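Trainee: take this sequence and fold it.
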Amino acid sequence: MSQNLISLALTADQLTAIEGALVTLEQNMSGLIALQPAQRRTLIKMGDKSEVFCRQTLKLLQQNPQVVPPSLSVDEAQADLAAYDQIGTFLLRLARLSERAQDTSTALGSDLMSFALEGYGLLRVSGKNQGLEDLRRELGARFARGAAHTTPEAPPVTA
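Mentor: Predicted coordinates for the structure are as follows:
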C-alpha cells in the first residue's frame, strides 16, 4: 500500500481567498526589505539579551537628552523599536504558517514519490508483457547514474 501522509483538496474559493490574502499582505507590507546573504552575515544581531539592553539604553537616552549628540537620533531609534514590536506581533504566526505549508508540501511530494516508486516497480514487473518497456525505460532515466545510454535500475519496491 502506498504511503498517504496527507489528503488535501483546496477549493477554488479557498484558493481565491488565499491569493487575495497574500495580495493584501504584500500590499500592506510593501515597506519590508530583502537583505543579501553577505549583508545578513555582517549585521549586528539583536538576540533576547540584546533586546533588553537596547530597550534600556533607548529609555535612558530619552530620559537624558543632554548626553545625546545630534548625530544620534533617539527619535529614529524609537521609531525602529515601535516597528520592531509591530512586526514581532505577526512574525511568529507567519513563520509557523510558512513552516506548516512547507511541511504539507513535503508530505504531498513524499506521498507522490512513494506512489510513483511503487507504480514504477509494477511497470518493471508487469509492464514487459504489456508493451510498456520503452516507456518504463524513459521513466527509469530518473535513476540514471552516469552515461545516459545505460539502463538504470530503480530501488526495490516494498509492499
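Trainee: relative to L60, how far out is the residue lying farthest from the centre of the chain?
Mentor: Distance from the C-alpha centroid of the chain, by C-alpha atoms, centre = their mean, peaks at Q66 (46.9 Å). According to C-beta to C-beta, to the nearest Å, Q66 and L60 sit 12 Å apart. Quick note: C-beta positions are derived from backbone N, CA and C, even for glycine.
Trainee: what about stretch 32-48, start to end distance?
Mentor: Terminal residues of stretch 32-48 lie 22 Å apart, using C-alpha to C-alpha, to the nearest Å.
Trainee: and it, how far out from the chain's middle?
Mentor: In terms of C-alpha atoms, centre = their mean, to the nearest Å, the centre of stretch 32-48 is found 18 Å from the chain centre.
Trainee: got it, and stretch 23-33?
Mentor: On C-alpha atoms, centre = their mean, the centre of stretch 23-33 falls 18 Å from the chain's centre.
Trainee: that one: end-to-end distance?
Mentor: OK, stretch 23-33 end separation, C-alpha to C-alpha: 17 Å.
Trainee: next SSE after the helix or strand hosting G88?
Mentor: With elements taken from DSSP states H and E, the one containing G88 is helix 74-126. Counting by DSSP H and E, the next helix or strand C-terminal to helix 74-126 is helix 133-139.
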